[in-house]
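Undergrad: A predicted structure for the sequence below; I have some questions about it.
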Amino acid sequence: MIHCGRLQRDRNMRNKPNATTSAIEIRTATDHDLESLAEAHAPGISAAQIKRRLEESSNGFRTMLVAVKEGRAVGSVSIGGGRFQRKNSLRLFALDVDPEFRRNGIGTMLINAVEAIAFNRDLNEVNLEVETDNKDATRLYRRLGYRICGNPVMDRWTLLQDNGSSKTIEVPVFVMVKRLG
Ligand SMILES: CC(C)(COP(=O)(O)OP(=O)(O)OC[C@H]1O[C@@H](n2cnc3c(N)ncnc32)[C@H](O)[C@@H]1OP(=O)(O)O)[C@@H](O)C(=O)NCCC(=O)NCCS
């Protein structure tokens, strides 16, 4: 179950921190991040979906990291197994940065933080899935040393919606892997 797609957003930008003027902290997400994460990732990712990721993180099933700027979460990434889990590897998924804050190095910081966790756990690699038509994310991963592993595969995951329903997303993805030094 992953999210690695590009999502369109159209939301209220009021009360947001300035995109370039303050430092970014990367830390484990807490329940208090729900509101700003929901705002950062709306409307493509529902608050219900983020709440579930936070619950999975607080109960230890997975880990969610957030990039925080001026007290607000402006990006996030999750770590944890799934269909494409590899041996001796840490799986990164659901990397997403608020569109207003992209191209400032925040995505790179989140990926670096995942790699540091993998390294500290003595794992050999980090793996992820990326939609085959997600050129921007694929270019970023390549630049950071990730390589496509094999042919595209179909991925299927469930997107929770705030009205209580859910939607099944089925997309072709590349598995990408980075060997840690
Ligand atoms: C993919 C994504 C997470 C990248 O986040 P980001 O914060 O923009 O990532 P970065 O800023 O670290 O890098 C993006 C680009 O900006 C460049 N950049 C970073 N800091 C910069 C700066 N200060 N000035 C100019 N460019 C900069 C990077 O070199 C990188 O260039 P590249 O695309 O040629 O590799 C973001 O675009 C996103 O949320 N997309 C939608 C969700 C998605 O597709 N997620 C991936 C799922 S697999």
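TA: Looks like it arrived, so ask away. Given the structure is predicted, the values throughout are model-derived calculations rather than measurements.

Undergrad: name the element A137 belongs to?
TA: Element membership for A137, per DSSP states H and E: helix 135-143.

Undergrad: which other helices and strands contact that helix?
TA: Helix 135-143 sits against helix 106-120, strand 125-131, strand 166-179, with contacts defined as 3 or more C-beta pairs under 8 Å, 6 or more residues apart in numbering; DSSP states H and E. For every residue, glycine as well, the C-beta is placed using N, CA and C.

Undergrad: how about those, which one is nearest A23?
TA: With C-beta to C-beta, the closest approach to A23 among these belongs to helix 106-120: 10.6 Å.

Undergrad: Export that closest one to CSV, keeping only CA atoms.
TA: The C-alpha trace of helix 106-120 is given here as CSV (Å, rounded to 0.1, in the frame of the first residue of the first chain):
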residue,chain,number,x,y,z
ILE,A,106,13.0,19.6,1.7
GLY,A,107,12.3,16.4,-0.3
THR,A,108,16.1,15.7,-0.3
MET,A,109,16.3,16.3,3.5
LEU,A,110,13.5,13.8,4.1
ILE,A,111,15.1,11.2,1.9
ASN,A,112,18.5,11.8,3.6
ALA,A,113,16.8,11.2,7.0
VAL,A,114,15.4,7.9,5.9
GLU,A,115,18.8,6.8,4.6
ALA,A,116,20.4,7.8,7.9
ILE,A,117,17.9,5.6,9.7
ALA,A,118,18.6,2.7,7.3
PHE,A,119,22.3,3.2,7.9
ASN,A,120,22.0,3.2,11.7
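
Undergrad: What is it packed up against?
TA: strand 24-28, strand 63-69, strand 72-79, strand 89-97, strand 125-131, helix 135-143.

Undergrad: Include distance to I50 and mean pLDDT when you put the ones you listed into TSV, please.
TA: Putting the helices and strands packed on helix 106-120 into TSV (distance: least, C-beta to C-beta, whole Å; pLDDT from 0 to 100) gives the following:
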stretch	distance to I50	mean pLDDT
strand 24-28	14	97
strand 63-69	9	97
strand 72-79	8	96
strand 89-97	9	96
strand 125-131	19	97
helix 135-143	19	98
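
Undergrad: related to what we said a few turns ago, and among the helices and strands packed on helix 135-143, the most buried is which?
TA: strand 125-131 (a mean of 23; mean count of other C-beta atoms under 10 Å).

Undergrad: wait, does that one contact the ligand?
TA: Yes - contact of strand 125-131 with the ligand (C-beta under 6 Å from any ligand atom) involves V130.

Undergrad: Please tell me how far the residue most central in space within the chain sits from L128.
TA: The centre of the chain sits closest to L95, judged by C-alpha atoms, centre = their mean, with a distance of 1.7 Å. Applying C-beta to C-beta, to the nearest Å, the value for L95 to L128 is 8 Å.

Undergrad: Appreciated, that's everything.
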